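K.L.:
Any chance you can model this:
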Amino acid sequence: MAALGPFEPRPQIAVGVSGGPDSLALCLLAHDWVKSSSGRAVALTVDHRLRPESRAEARQVHAWLGDRRIPHHILVWQGPKPRSGIQAAARAARYELLIGWCRDHGLLHLLFAHQLEDQAETFLLRLARGSGVEGLAAMARVSEGADVRVLRPLLAVPQARLTATLRARGQPWIEDPSNRNLAYARVRIRGLWPALAAEGLDARRLAATARSMGRARDALESAAADLLARAATVAPEGYAYLDPAALARSPMEVALRALARTLMCVGGRGYPPRLERLERLHGALIAGELAKARTLWGCRIRLQGPELLVCREVAAASQRIAVVPGACVTWDGRFRIAIADRRLPSGKGGRGGRVTLARLGREGWAEVAAAEPRLRRTVIPPPVRPSLPALWDGRGVAEVPHLGYRRRAARAAAGVRSIVFSPPIPLAGTGFSVA
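P.N.:
From the prediction side, this is the model:
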C-alpha cells in the first residue's frame, strides 16, 4: 500500500467487495492496514440485480463484514438492464455507483481486487483485439480520476494466495456462476491456462510482459503530454484545437496518443478508440485530407484555418435529464452542472414546470440567435454550438450557460448555478502506474 500513496495521516478508503475470494481477501487485508494508521475502511457491494440470488448474496456479505466490524453498504443498480453487452454495461454501472458513492462521501481512495490472473487475462483479451502498447499494458496500479484514485494493490498477487488467506482466517466466500459461463471471453481464456502454461505462457509471465508494456506506455504518455502542452488548447465549452504541424512532426506513436487523449477528453470517453481507427485518422492528417469533417469516438474532427478542431459530435450528445432544483448532475459525461434552487417559470400552454437539460441542437441555436443576434458573433465555433448544454422548458430554450443566454421571460429565475467541463479522462494525466 505504501507504493500506492500518498495517503492521509488517517486514511479513509473504500473497497469494492463482490463477495468473491479476491475482493473479500482485499477487504480484510485493507481493513488491517488502515487500522494500523487509525484510519477507516468502508466496504461497498454493488447488487446488479441480474440474478435472483444477488440480493441474498449482498446481504450475506453484509453479515460477514458486520461480524468483523467492517462498515458495509449495498448499492443497487436500478432501472432496466440491456439485453446485449451485459458484462460491459454491468461493469460501467458498478464503477459509476462505486465512484459516485466515494465522491458523495468524501473518500478519495477506492480499492479493487484485480489480481495476477486478472492482469494476464486482460493482456490476452487486448492482444486478441489487436491492441497496441496502450492496451497491452493492461490495468494500471493507480488510476487518477476527477473524484477518486482507483487503486489495485493485488495485481502481482496470484489468486491462490488470496484464497489461502481466506482459509487461514476462516472466511467463506461466494462463487459467482458467471465465472463458469463460456459465453464470456474471459472465462474461455481461463480454460486455456493449462495449455498456455505448458508453452511457457503462464499468468506470471504474461503479467510480466504487461509490466514491460506499462513502462513503455508511461514513457509514451509522458512524451504525448509534452506534445499536447505545446500543440493543444482546450476550451471550457468542451472542444479543443490542435496544431496539425506539431502532430505531423512527432513520432507516430506519440502523435497517436495525443490524438487519443484529445478524443477521449472531448468525447467524454473513459478509454481510447481502436488503434486502427486512430491510425486512419493520423494518416488522413499527414496526407492533409481533413478539410472535410470526419467523426470518431463521439467527436467531429476537421481543419479550421491552420488548426485542427476537435469538438463533440452533435448526435452523440443525446442525453436528456429532467432538471431537479438544487441538484448537481453530470451531463453528456463531460459537464458538471449545478442547478439553482428556484425553478424556471413554465411557458403558457407548455409542459408545466418541467425543465430538461439537453443539447442546444441546430433548432435551438437558430432560436437563441434569432432572439439575440449578438450571439452570432460568439467565438465558439459554429460546429460546437449545437452540442452545448441548454435548459429547455415548454416554450423552448430557456438558458444556454456557455452563451450567456437566458430567455427574457426567464430572467427573474435562476437556472444553472455553475457549469464546469470535467471529462472522465483529462487531456494529460499523471502517467501510467506500472504494477
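
K.L.:
Might you report the residue contacts of G130?
P.N.:
By CB atoms under 8 Å, 6 or more residues apart in numbering, the contact set of G130 is R274, L275, E276. Every C-beta, even on glycine, is put in place using the N, C-alpha and C of the backbone.

K.L.:
Return the residues in contact with the residue nearest to R312 when sequence neighbours are not counted.
P.N.:
Using CB to CB, 6 or more residues apart in numbering and skipping residues adjacent in sequence, the residue nearest R312 is S387, 4.0 Å away. By CB under 8 Å, 6+ apart, S387 lies in contact with G238, C311, R312, E313, V314, A317, R359, L360.

K.L.:
what about S387, distance to E237?
P.N.:
Here the criterion is CB to CB, to the nearest Å. By it, S387 lies 9 Å from E237.

K.L.:
R294 and I86: what is the separation?
P.N.:
Distance from R294 to I86, by CB to CB: 31 Å.

K.L.:
Also G5?
P.N.:
36 Å.

K.L.:
One more: A185?
P.N.:
For A185, the distance to I86 (CB to CB) stands at 13 Å.

K.L.:
what's the answer for L357, then?
P.N.:
Distance from L357 to I86, by CB to CB: 28 Å.

K.L.:
Flag every buried residue along the biggest strand by length in the chain.
P.N.:
Under DSSP state E, the strand in the chain containing the largest number of residues is strand 40-47. Buried residues in strand 40-47, counting neighbours by 16 or more other CB atoms under 10 Å, are found at R40, A41, V42, A43, L44, T45, V46, D47.

K.L.:
got the buried residues for the helix or strand following that strand?
P.N.:
Using DSSP states H and E, the helix or strand that follows strand 40-47 towards the C-terminus is helix 54-67. Within helix 54-67, the residues scored as buried using 16+ other CB under 10 Å are S54, E57, A58, Q60, V61, H62, W64, L65.

K.L.:
TSV for these, including pLDDT and distance to L75?
P.N.:
As requested, the buried residues of helix 54-67 are exported to TSV (pLDDT from 0 to 100; distance: CB to CB, whole Å):
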residue	pLDDT	distance to L75
S54	94	12
E57	97	14
A58	97	9
Q60	98	16
V61	98	12
H62	98	12
W64	98	17
L65	98	14
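
K.L.:
Adding distance to A398 as columns, could you present these in JSON lines?
P.N.:
Below are the buried residues of helix 54-67 laid out as JSON lines (distance: CB to CB, whole Å):
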{"residue": "S54", "distance to A398": "41"}
{"residue": "E57", "distance to A398": "46"}
{"residue": "A58", "distance to A398": "42"}
{"residue": "Q60", "distance to A398": "49"}
{"residue": "V61", "distance to A398": "46"}
{"residue": "H62", "distance to A398": "44"}
{"residue": "W64", "distance to A398": "51"}
{"residue": "L65", "distance to A398": "47"}
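
K.L.:
ok, so of the residues you listed, who is nearest A248?
P.N.:
Nearest to A248 among those: S54, at 51.9 Å, using CB to CB.

K.L.:
how near is the closest one to D47?
P.N.:
In this structure, S54 and D47 are 5 Å apart, going by CB to CB.

K.L.:
Give me the secondary structure label for the residue most central in space within the chain.
P.N.:
Geometric centre of the chain, nearest residue: G270, 3.7 Å, by CA atoms, centre = their mean. Secondary structure, DSSP: H, G, I helix; E, B strand; the rest coil: G270 is coil.

K.L.:
so it makes contact with P426?
P.N.:
No. Checked against CB atoms under 8 Å, the pair G270 and P426 is beyond contact range at 11.5 Å.

K.L.:
joint contacts of those two?
P.N.:
The contact sets of G270 and P426 do not overlap (CB under 8 Å, 6+ apart).

K.L.:
Could I get the pLDDT score of P80?
P.N.:
Note for P80: predicted pLDDT of 87.

K.L.:
and it, which of the three is it?
P.N.:
P80 - assigned by three-state DSSP - is coil.

K.L.:
What values do phi and psi take at it?
P.N.:
The phi/psi pair for P80 (degrees, to the nearest 10) reads phi -70, psi 150.

K.L.:
From L50, how far off is it?
P.N.:
Plainly put, P80 is 12 Å away from L50 if you go by CB to CB.

K.L.:
out of those two, which sits in the more crowded spot?
P.N.:
Under the criterion of other CB atoms under 10 Å, the comparison of P80 against L50 puts L50 first, with 13 against 5.

K.L.:
Tell me which of G5 and I86 has more neighbours.
P.N.:
Higher neighbour count among G5 and I86: I86, with 15 against 12, using other CB under 10 Å.

K.L.:
orientation of the longest strand of the chain relative to helix 54-67 in degrees?
P.N.:
Relative orientation of strand 40-47 and helix 54-67, computed by axes from the mean of the first three to the mean of the last three CA atoms, to 10 degrees: 170 degrees.

K.L.:
send the alpha carbons of strand 40-47 over as PDB?
P.N.:
Extracted C-alpha coordinates of strand 40-47, given in PDB (Å, rounded to 0.1, in the frame of the first residue of the first chain):
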ATOM      1  CA  ARG A  40     -11.200   3.700   8.300                       C
ATOM      2  CA  ALA A  41     -12.100   1.200   5.600                       C
ATOM      3  CA  VAL A  42     -15.600   1.000   4.100                       C
ATOM      4  CA  ALA A  43     -16.800  -1.900   2.000                       C
ATOM      5  CA  LEU A  44     -19.100  -1.300  -0.900                       C
ATOM      6  CA  THR A  45     -21.100  -4.100  -2.700                       C
ATOM      7  CA  VAL A  46     -23.000  -3.400  -5.900                       C
ATOM      8  CA  ASP A  47     -26.100  -5.500  -6.400                       C
END
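
K.L.:
which strands and helices sit next to it?
P.N.:
For strand 40-47, the contact count by 3 or more CB pairs under 8 Å, 6 or more residues apart in numbering; DSSP states H and E identifies strand 12-16, helix 21-35, helix 54-67, strand 72-76, helix 86-105 as packing neighbours.

K.L.:
Indicate each strand paired with that strand and its parallel or antiparallel sense.
P.N.:
strand 12-16 (parallel), strand 72-76 (parallel) (DSSP bridges).

K.L.:
show me the contacts for P21.
P.N.:
Contacts for P21 (CB under 8 Å, 6+ apart) come out as Q159, L162, T163, L166, W173.
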